[in-house]
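Novice: Below: sequence and its predicted model.
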Amino acid sequence: MGVTVLQPYPLPEGKSGAHIMDHLGKRLLSLGASHAGQFLVDCETFISTPQHGTPARAVHVLHNSEYPASTFSIIDNGTGKQVAIVADNIFDLLMLKMTSIFTSKKQTKIESRGARFEYGDFVIKLGSVTMMEHFKGILIEIEYRPCITLSYCWEMIREMLQGFLGISVPKEYPTYFTTQTIMNAMGQQQLHAKQNDLYEPMDTVKQYLEHFTNYRKHVQMHGSMASSTASMGSGMLPSSVGMGRP
Amino acid sequence: MSNSVNISVETTCENQIREITYDGVEMYQAPPTLSESLAKCAARIDFSKTSLDDLKKEEKSAAAATDDDKDANQFQESLWPWDSVRNKLKDAYTEICVLSDVISIAKDKRYLVLDPLLEDGDDTKPIVQVYSRKKALSQAAQVLLSGAERLRNAHSEQRSRNVSDFHIELLRLRQNWRLKKVSNGAIIGDLSYRTAGSKFGMSGTFEVTKAEEVMDDEGAGCSTNATSCTSSSSTTNNGLQLKTSSALRVIVPAELQGVAYIKVITQKDQEDLCTAQVNLMGHGPNITAQVGVWQKTLEFAQNVLFCKELFAQLAREAIQLQAPIPHVVIGNQIRATLLPNIQLIISLCHSTSFDSNQPAPINDHDHVLEHSLHQLLREVHFKNSHHPFPHPASAPLGPSKKRMIAGPTAADRESLLDMTKTQTILEQIIAQAQHIFMRKRTQYVLDTLARDVKDPQIVSHWNAMNSPTMSCVKINIVTHGYDAIGRTSLVIHVKERSLKCICRDGRVMKLSYEPQELRDLILCQINSHQISCLVSLARYMAWTVLSNSNHLGIGKVEPLGNASSCLLGSPNSDRMIAVQIRCDPQIDVKVYIARSPRADFFPSPLVPEKFWENLGGNFKEVRFDKIEGKSFLNKMEFLMASLTSNST
């Protein structure tokens, strides 16, 4: 388990997602990586009915094939506070019992699936993000296994990404790792640099949730745009017609 | 709440206790029958009182009472309901008057005397009392004597007990072994490891019976037949005489009789390298001196069962495992290959005859392998009987504790895969034997090198705490007297079939099981140690290091790498020293010296100027072995000191 960074890959015009995945896979194989199976990260969201006074709460349940014995869950209580938990796979059965309070929104079930490559100390996963069989984008996950602090190896990961993807990766840390102000134990506000923290598998899952949320919002954005303008890139959201639901 | 309780009310009409016998039985007085009570009442009547004088007196007093009442009668005739009351009162008054008269007459003692009445006549003679007392005393004496007799018998039995009590022996047996009584009265015991988690099929039941009358002499040993092993008075165990007979006899099944042990030999091309014996009877005979002969019998039988189970498990695994060189199972021997030309032979030796001249134990006893095999089988038993309790209690009862917390701690795929891998007993013992062999080999190489190479000293520190399959050794190469100048360290991890060597500068090298590779590595390290120490020494002596190389690439091709060299210049640059070290089969040092202004410069038409003499002369070889000095560095120090010249 090492530092993992997610990088969305912008789709060029006129190319389909499968073609890009194939292309990148071949690049990696020619670099010397070895194909090591498939991977899958999926996310399902449950929303509680909003009562008066309290906003609707969302429970996100995620699975990651890299940690097959665990189920990750994040509760979002509407006001921005998030609580995360790592549990056994039996957690899914628990959620089935909670259908009276939390309703599952099957339409927003989103997953990233693709090939997994091992390249020395790196593990690179090329994932195509799909929501209800509709293709959303390409999400690259790169993990550097020996290190568990981002600040020590960010430069190397960035160099690696730029090398085989061919796009330019900004120098700043990814948005998940930006410095935040938190309250420390004495009640004071303090700047907390997340890149110096020890990395945990939960951080990978939280990054996935962030990107999945972005993809869902893209849908809404594009859904509203589709109602006003018609033309869309062929690689992007062919089924934006049905969107518009929250 | 209507819990009614029955309450019984009884009268305490207990009969009086007449006597208590010596047995403690109470003899009650029988309640009086009707005739008896009548007799009692009749005895109370004093017939001497019924005379005519008394009767007349009573009539007179009665008549006087009636005259007084005549007048009253006329008035009271009308009150007919009160008539009975009047009569009763009159009778009562009459009787009181009579009683007062009688008492006054009796007081006078002239006409009437009151005598007490006796119920029993005092006709008991003293002799009857004597007889009754004598009988009572004799009964008491009888009780006391019978009690004393019993105590005396028990006491005499205890003192002269050469035949021990069956029950005491049974108690001792039960304290050590599992016994139970079956329906037909026989006592069956269990000496198998089933309750400790063993799943072996062979049953370990034995039967316990009373021994017959055994003669207490030396010849009794011959009377035992082959199936029973107790009451053998000829069993001597290292000179200690055990109890000659016992009230118990223990019958063990035929396949568990005798003595068994497992022998482990590591063999290199038909030559015994090390041997191990595995059995449970590692201790001396002292433990069996206190308990009976049956203890030893049962322990031997249990040992046989354990060795059989161990060997059966190993044989089963040997057949199932796929090894590059397959394991061979022949009869009671298992052969496995550890390394090329080195074999591990595990054999089960079971002797059923009681020879007192046992074969002498083999001297190089590998306690580690012996203990390991024992521990491995016990670990299998333990895992069979102890399952980690799942938290929460509703979780399945199979997985280990690590697997149960793998979910909440987000264990990744490699960790989960590692949890599923298990090793059989045979694989583990082969790994341990391989490691022992590798360690011995490494020790041998290091020790011979340390003995042969005296110039830099090779010091090896082995870790005290190791695992059965890995040991570590730290090697320091120092030159005596120059420890502060430089030291070359490396760590070697000795595993089962390979070595991993980590140098101080971070280089990691993986070596195979060939001893020559380690030897070459150490020689190369010695080589580089000499040069690096020389470089440091030159700095102390104020000599300049002009160049330095670890691998020159000169001369003929060598298997062990090429020479390393060092070029030093003196403080005022008038001398140069060139050192070359090879380690071809042994360390070979060559030292050359050059002077800076050439002594043999003659201006020639091609090179006319004088200053060209400063280019430096030829290098001349130094007879290094003739230089004074204890070691290479010492010699170099003296050389440098002698070549340092004062300049103006």
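Specialist: Sure thing, it's come through. Numbers count the residues shown, from 1 in each chain, chains lettered A, B, ... in the order given.
Novice: Residues of chain A that sit close to chain B?
Specialist: Residues of chain A found near chain B (Cβ under 8 Å from any Cβ of the partner chain) are A:1, A:66-72, A:86-90, A:200-202. In short, each C-beta sits where N, CA and C put it, glycine included.
Novice: In strands only, show me those.
Specialist: When the residues of chain A next to chain B are checked against strands (DSSP state E), the matches are A:70, A:71, A:72, A:86, A:87, A:88.
Novice: Assign a three-state SS to the residue in the stretch 351-500 of chain B positioned nearest to chain A, would you?
Specialist: Closest approach between the stretch 351-500 of chain B and chain A, counting by Cβ to the nearest Cβ: residue B:407, at 3.3 Å. Classification of residue B:407 using DSSP: H, G, I helix; E, B strand; the rest coil returns coil.
Novice: Ignoring the adjacent residues along the chain, who's closest to it?
Specialist: Closest residue to residue B:407 apart from its sequence neighbours, by Cβ to Cβ, 6 or more residues apart in numbering or on different chains: residue A:88 at 3.3 Å.
Novice: Give me the most central residue, chain A.
Specialist: The centroid of chain A falls nearest to residue A:208 when counting by Cα atoms, centre = their mean (1.8 Å).
Novice: Identify the farthest-apart pair in the ones in strands among the residues of chain A next to chain B.
Specialist: Taking every pair in these and measuring Cβ to Cβ, the maximum separation is 11.2 Å, between A:72 and A:88.
Novice: And the two? Which one has more around it.
Specialist: For residue A:72 versus residue A:88, neighbours defined as other Cβ atoms under 10 Å in any protein chain shown are more numerous around residue A:72 (25 against 17).
Novice: what's near enough to touch residue 18?
Specialist: Going with chain A. Residues near residue A:18 by Cβ atoms under 8 Å, 6 or more residues apart in numbering or on different chains: residue A:128.
Novice: Sorry, I should have been clearer: chain B.
Specialist: Applying Cβ under 8 Å, 6+ apart, we find residue B:18 in contact with B:27, B:28, B:29.
Novice: Over to residue B:409?
Specialist: By Cβ under 8 Å, 6+ apart, residue B:409 lies in contact with A:70, A:86.
Novice: okay, it: pLDDT?
Specialist: Residue B:409 carries a pLDDT score of 90 in this model.
Novice: ok, now residue B:275?
Specialist: We have a pLDDT of 55 for residue B:275.
Novice: where's the residue of chain A found nearest chain B relative to residue B:639, distance?
Specialist: Of all residues in chain A, the one sitting closest to chain B is residue A:88 (3.3 Å; Cβ to the nearest Cβ). Residue A:88 sits 73 Å away from residue B:639 when distances are taken as Cβ to Cβ, to the nearest Å.
Novice: Same question for residue A:99.
Specialist: Distance, residue A:99 to residue B:639, using Cβ to Cβ: 91 Å.
Novice: what's the spacing between residue B:339 and residue B:644?
Specialist: Between residue B:339 and residue B:644 the computed distance is 54 Å (Cβ to Cβ).
Novice: More neighbours: the two, which one.
Specialist: For residue B:339 versus residue B:644, neighbours defined as other Cβ under 10 Å are more numerous around residue B:339 (19 against 16).
Novice: confidence score at the residue nearest to that one when sequence neighbours are not counted?
Specialist: Excluding its sequence neighbours, the residue lying closest to residue B:339 (Cβ to Cβ, 6+ apart) is residue B:513, at 5.5 Å. If you check residue B:513, the pLDDT there is 92.
Novice: same thing with residue B:574?
Specialist: pLDDT, read off for residue B:574, is 85.
Novice: same deal with the one 4 residues further on?
Specialist: With respect to pLDDT, residue B:578 scores 92.
Novice: Check residue B:609 too.
Specialist: The model reports residue B:609 with a pLDDT of 82.
Novice: Repeat that for residue B:237.
Specialist: With respect to pLDDT, residue B:237 has a value of 38.
Novice: Also the one 5 residues further on?
Specialist: Residue B:242 carries a pLDDT score of 40 in this model.
Novice: now do residue B:538
Specialist: If you check residue B:538, the pLDDT there is 94.
Novice: how close does residue B:316 get to chain A?
Specialist: For residue B:316, the distance to chain A equals 32 Å [Cβ to the nearest Cβ, to the nearest Å].
Novice: Which helix or strand contains that residue?
Specialist: Assigned by DSSP states H and E, residue B:316 belongs to helix B:293-320.
Novice: residues touching the residue of chain A positioned farthest from its centre, list them.
Specialist: Ranked by distance from the centre of chain A (Cα atoms, centre = their mean), the top residue is residue A:186, with 33.4 Å. By Cβ under 8 Å, 6+ apart, the contact list for residue A:186 is empty.
Novice: Same question for residue B:463.
Specialist: Residue B:463 sits next to B:471, B:472, B:473, B:474 when contact means Cβ under 8 Å, 6+ apart.
Novice: So the first one: helix, strand or coil?
Specialist: Look at residue B:471: counting by three-state DSSP, its state is strand.
Novice: right, and it touches residue B:441 too?
Specialist: No: Residue B:471 sits out of contact with residue B:441 when judged by Cβ atoms under 8 Å, with a separation of 11.8 Å.
Novice: about what we covered before: for residue B:8, state which of the contacts of residue B:18 is nearest.
Specialist: residue B:28 (21.3 Å).
Novice: what bridges to that closest one?
Specialist: Residue B:28 has these beta-bridge partners by DSSP bridges: residue B:17.
Novice: burial count for it?
Specialist: Neighbour tally, residue B:28, other Cβ under 10 Å: 11.
Novice: wouldn't it be in contact with residue B:20 here?
Specialist: No: in this structure residue B:28 lies outside contact range of residue B:20 using Cβ under 8 Å: 10.5 Å.
Novice: and the gap between residue B:514 and residue B:526?
Specialist: With distances taken as Cβ to Cβ, residue B:514 is found 19 Å from residue B:526.
Novice: who has more neighbours, those two?
Specialist: Using other Cβ under 10 Å as the criterion, residue B:514 and residue B:526 rank with residue B:526 on top: 20 against 13.
Novice: which ones are touching the more buried one?
Specialist: Here residue B:526 is in contact with B:453, B:456, B:458, B:477, B:488, B:583, B:587 (Cβ under 8 Å, 6+ apart).
Novice: Secondary structure of it: a strand, I assume?
Specialist: No: assessed with three-state DSSP, residue B:526 is helix; it does not lie in a strand.
Novice: With residue B:639 as the reference, measure out to it.
Specialist: 20 Å.
Novice: got it, and residue B:32?
Specialist: Applying Cβ to Cβ, the value for residue B:32 to residue B:639 is 142 Å.
Novice: Comparing these two, which residue is more hemmed in?
Specialist: Higher neighbour count among residue B:32 and residue B:639: residue B:639, with 22 against 11, using other Cβ under 10 Å.
Novice: Helix, strand or coil: sort out the more buried one for me.
Specialist: helix.
Novice: in chain A, which spans are strands?
Specialist: Going by DSSP E, chain A shows strands at A:3-9, A:34-48, A:58-64, A:70-76, A:82-88, A:102-104, A:110-119, A:122-131, A:134-144, A:180-183, A:189-192.
Novice: how about a markdown table for these, with mean pLDDT and distance to residue B:595 added?
Specialist: Below are the strands of chain A laid out as a markdown table (pLDDT from 0 to 100; distance: least, Cβ to Cβ, whole Å):
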| stretch | mean pLDDT | distance to residue B:595 |
| --- | --- | --- |
| strand A:3-9 | 91 | 61 |
| strand A:34-48 | 92 | 62 |
| strand A:58-64 | 93 | 74 |
| strand A:70-76 | 93 | 77 |
| strand A:82-88 | 91 | 76 |
| strand A:102-104 | 82 | 93 |
| strand A:110-119 | 93 | 58 |
| strand A:122-131 | 93 | 58 |
| strand A:134-144 | 91 | 58 |
| strand A:180-183 | 75 | 72 |
| strand A:189-192 | 80 | 68 |
